[in-house]
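Participant: Below is the sequence, then the predicted model.
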Amino acid sequence: MKTKIAIASDHGALELKNKVVNRLVELGYEPEDMGVHEDTSVDYPDYAAKVAESVSSKRFKKGILLCGTGIGMSITANKFPGVRATLAYDNYTAKMSRLHNDSNILVMGGRTTSEEAAYDILEAWLNTPYEGGRHDERIRKISELENNFPITGEKRQ
Ligand code: RB5
């Protein structure tokens, strides 16, 4: 069975998002394209939320988000419990985001990343496993911060 991947962008990365969707199909994945489908200006949080919700709820194991720089998508997606959205600008950061951070959403910038670099980043991210070991405890601490306010220690409602 083909691995499903949720994907979305805003208008700032529509062209690159469409190329990444086609590339995913060529690589044997089943992308679910959650928009945008035209280059009218939209608000990136609306599209970040679609993919981040689908990963946070475990409907999808992995997702991909793109906006002009990748910054807005990263900020928004990381508000969702269990989401580890990582912005990658090159092969090294893509690889490390999987090895050390168990990234479950890859974020790229349509105005900062060439088509060739995007394919390189994509494949590095898809093909690199999580290393586990000492990183498990670090990731557990991230989850803990999602559940308790760091300063007061209060539990989130
Ligand atoms: C849209 O112009 C732009 O702000 C958006 O694509 C993104 O770069 C935000 O971080």
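Facilitator: Structure's in. What do you need? Numbering: from 1, shown residues only.

Participant: check contacts around the residue nearest to P81 when sequence neighbours are not counted.
Facilitator: Leaving aside its sequence neighbours, P81 sits nearest to E146 (C-beta to C-beta, 6 or more residues apart in numbering; 5.1 Å). For the C-beta atoms, the positions are set from N, CA and C on the backbone; glycine is no exception. Taking C-beta atoms under 8 Å, 6 or more residues apart in numbering, we find E146 in contact with 81-82, 156.

Participant: Of the residues you listed, just say which sits nearest to H135.
Facilitator: When those are compared for distance to H135 (C-beta to C-beta), G82 wins out at 15.8 Å.

Participant: burial count for the closest one?
Facilitator: With neighbours defined by other C-beta atoms under 10 Å, the count for G82 comes to 13.

Participant: Name the SS class of the residue lying closest to E115 once chain neighbours are set aside, please.
Facilitator: Closest residue to E115 apart from its sequence neighbours, by C-beta to C-beta, 6+ apart: K19 at 5.8 Å. Of the three states, K19 takes helix under DSSP: H, G, I helix; E, B strand; the rest coil.

Participant: Then K58?
Facilitator: Under three-state DSSP, the three-state class of K58 is coil.

Participant: in a strand, that's where L106 is, yeah?
Facilitator: Yes - assigned with three-state DSSP, L106 falls within a strand.

Participant: Do you know the pLDDT at it?
Facilitator: Note for L106: predicted pLDDT of 99.

Participant: What of N147?
Facilitator: Looking at N147, its pLDDT is 84.
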